[in-house]
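> with the sequence up front, the predicted model follows.
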Amino acid sequence: MAAEILDGRAVSAKILDLVTKDVADLGRKPVLATVLVGDDPASRTYVRMKAGRCAKVGMESRRIELPGQTTTAELVARIRELSDDPSVDGILLQHPVPHQIDERAAFEAIAPEKDVDGVTRTSFAMMAFDEGGFASATPGGIMALLDAYEIPLSGKHAVVVGRSPILGKPAGLLLLARDATVTYCHSRTTDLPARVAEADILVAAVGRPALIRGNWIKRGAVVIDAGYADNTGDVEYEAAAERASFITPVPGGVGPMTIAVLLAQTARAARQKK
Ligand SMILES: Nc1nc2c(c(=O)[nH]1)N[C@@H](CN(C=O)c1ccc(C(=O)N[C@@H](CCC(=O)O)C(=O)O)cc1)CN2
């Protein structure tokens, strides 16, 4: 039997409807500052998509574009200005930044109360201790999608492939907080097919198109594909859909949820400021 599709477009549209109402109730336009360094075409597209969604829900997006040669010190200084600017509610630094920049230092220049993308150490620690900080946007979107389809997590074996600080690592911690048993896989994992085959819930978050073969998937597993490189997932979709019970498509799965969570958290930051 073919898997049921976890429809990120439909679920994100519902979230964005709620955000629109939240913004209307607030009585002013929340401001999301987006910072893009360099001219990576995919990053430019994502920032444009975020700005477009901001406009739809009644938010203002302030787009800061910096040249590809920007130094860490220059970027940190610009982000600190935004952190200190009372007219800005949320700050997003588009990942990845050019190689000469210390991305962690740049993320840490975001004031925690404006970290609507959930990338700072403070947000990570609050998430890890279940203290209600801002979730990293993609992992937050994954959890919202699982919840929208009422997929049980407690006691399930979740296998997360990937351990990046804004995707795989927080995704595993959010699943752990919901009582899943979590295994992380990464570039040094031996026998990846065997680990994937153990997953009741598989989160693929490596950015390597079709790395995970459909025939590795356990029958009835829930497959969450957070890959977005070249608009292609990390999982071999057709073959995986033959075995999974639920699966996210790429596009139309995790991607739209990422933006919905970013905007929902921007609305929350604005409310908290009020
Ligand atoms: N600071 C951040 N940088 C990056 C993040 C992030 O969460 N925070 N995630 C990714 C890219 N990303 C958001 O920035 C992102 C990727 C894909 C999508 C998306 O909706 N894709 C669509 C298809 C795209 C299209 O229609 O052209 C889909 O999946 O349906 C949204 C956000 C890396 N950087």
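Yep, that arrived.

> am I right that Leu153 is in a strand?
No: when classified by DSSP: H, G, I helix; E, B strand; the rest coil, Leu153 is found to be coil rather than part of a strand.

> any idea which helix or strand carries the residue in the chain that the ligand sits nearest to?
Taking C-beta to the nearest ligand atom, the ligand has its nearest neighbour within the chain at Gly255, 2.3 Å off. The way it works is simple: take the backbone N, C-alpha and C, and place the C-beta from them, glycine included. According to DSSP states H and E, Gly255 maps onto helix 254-273.

> so which elements touch that helix?
Judged by 3 or more C-beta pairs under 8 Å, 6 or more residues apart in numbering; DSSP states H and E, helix 254-273 is in contact with helix 8-26, strand 31-37, helix 41-57, strand 90-93, helix 137-148.

> enumerate the residues of the stretch 151-274 of the chain near the ligand.
Contact residues (C-beta under 6 Å from any ligand atom) of the stretch 151-274 of the chain with the ligand: Ile166, Tyr228, Asn231, Val250, Pro251, Gly252, Gly255, Pro256, Thr258, Ile259.

> where does confidence bottom out across those residues?
For those, the weakest pLDDT value sits at Asn231, with 91.

> and this protein, what are its domains?
Domains of the chain are assigned by automatic domain parsing as 29-112, 137-254.

> and stretch 14-29 with the ligand, contact?
No: using C-beta under 6 Å from any ligand atom, stretch 14-29 stays clear of the ligand, coming no nearer than 12.3 Å.

> for Phe134, which non-adjacent residue is closest in space?
Of all residues not flanking Phe134 in the chain, Gly118 sits nearest, at 4.3 Å (C-beta to C-beta, 6 or more residues apart in numbering).

> which residues are in contact with that neighbour?
Shown in contact with Gly118 (C-beta atoms under 8 Å, 6 or more residues apart in numbering): Phe124, Met127, Gly133, Phe134, Ala135, Ser136, Ala137, Pro139, Gly140, Ile166, Pro170, Gln265.

> Glu242 too?
Contact partners of Glu242, counting by C-beta under 8 Å, 6+ apart, are Ala2, Ala3, Gly214.

> rebuild the residues you listed as CSV, extending it with distance to Thr70, secondary structure and pLDDT.
Shown next, in CSV, are the contacts of Glu242 (distance: C-beta to C-beta, whole Å; DSSP: H, G, I helix; E, B strand; the rest coil; pLDDT from 0 to 100):
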residue, distance to Thr70, secondary structure, pLDDT
Ala2, 47, coil, 91
Ala3, 43, coil, 98
Gly214, 42, helix, 97
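
> I am finished for the moment; much appreciated.
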